[in-house]
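> Need coordinates for the below:
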Amino acid sequence: MKPHVSVVIPALDEEETIGAVVQACLETGLPDEVIVVDNGSTDDTFERAQNAGARVVAAPRGYGRACAAGIAAADPGSDILVFLDGDGSDCPELMERLVRPIANDEADFAIGSRLRGEREPGSMNATQIFAARAAGLLLRWLYRVAYTDMSPFRAIRRDFLHRLGMREETHGWNLEMQMRAARSGLRILEVPVNHRRRAGGKSKVSGTFRGTFIATARILATFLRVALERSPPQG
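Model prediction:
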């Protein structure tokens, strides 16, 4: 029986790319719906996503807030939630690599690893690569789970995600999910995925020194907060 799959795409000022990303997701034949979360865009992201076939909802600024809004908006019957970015850097055509192991009951959480896949030159800067490797080492030390990346391209069983008790509202959301999944004993599978340079627009994280600094600070704060919790919150 085919699982019900919902795709969630946080998007902030991605009018140049969002239509093609939505179409690429739909062309895989895997998702029953694609939800684009407009995270306060000032351009035509909302309209272009809607015209491409997505259901569009709005959320206040903050990556984690956008993900939470997408989860809340997803069809209650969804079995698997898939997350990816709207800038064209992730590869929706590889979605099956993440969905299939969960659908076959081989994993509860599947995350794409850009570092293990093929990266287009310039798709990740040195800071991003260092952060991914450093996070992987820290989480291996804490939880004995071999992550190599904090890629936004991931899939998870919806009921298990709700049990994680996600709280982060900013760029630490991806790391929080990985930490809580490891601590909760979920069956985790890391899958090599390819990664491209963003197809348009400007990165809100790696595009400026300020963006990189703020995102790094949020990720570090998230790591410390979750690592120092006495017990995982109940979702």
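> C-alpha only now, for contacts and for neighbours.
OK.
> Give me the helix or strand of the chain that scores worst on average pLDDT.
Taking all helices and strands of the chain together, the one with the lowest average confidence (mean pLDDT, DSSP states H and E) is helix 209-227, at a mean of 81.
> Please tell me how far that helix is from the chain's geometric centre.
Taking Cα atoms, centre = their mean, to the nearest Å, one finds helix 209-227 lying 16 Å from the centre of the chain it belongs to.
> cool, stretch 166-179 as well?
Stretch 166-179 has its average C-alpha position 10 Å from the chain's average C-alpha position, going by Cα atoms, centre = their mean.
> Roughly how far does the spatially most central residue of the chain sit from Gly64?
With distances taken as Cα atoms, centre = their mean, the residue of the chain nearest its centroid is Pro152 (2.9 Å). In this view, Pro152 and Gly64 are 11 Å apart by Cα to Cα, to the nearest Å.
> re earlier: how about the least confident helix or strand of the chain: buried residues?
When burial is assessed from 16 or more other Cα atoms under 10 Å, helix 209-227 yields the following buried residues: 212, 215-216, 218-219, 222-223, 226-227.
> can I get those residues in TSV with distance to His4?
Converted to TSV, the buried residues of helix 209-227 look like this (distance: Cα to Cα, whole Å):
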residue	distance to His4
Thr212	36
Ala215	33
Thr216	34
Arg218	33
Ile219	31
Thr222	31
Phe223	32
Val226	30
Ala227	33
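> Spatially nearest residue to Ser113 (excluding sequence neighbours)?
Distance criterion Cα to Cα, 6 or more residues apart in numbering; nearest residue to Ser113, sequence neighbours excluded, is Pro192 at 4.8 Å.
> give me every residue that touches Pro31.
If you count contacts by Cα atoms under 8 Å, 6 or more residues apart in numbering, Pro31 has them with 4-7, 25.
> For Met95, see how far away it is.
If you go by Cα to Cα, the gap between Pro31 and Met95 works out to 9 Å.
> Same question for Phe83.
Spatial separation of Phe83 from Met95 under the definition Cα to Cα is 10 Å.
> What of Gly200?
Gly200 is 21 Å from Met95, where distance means Cα to Cα.
> That's all I had, so thanks and see you.
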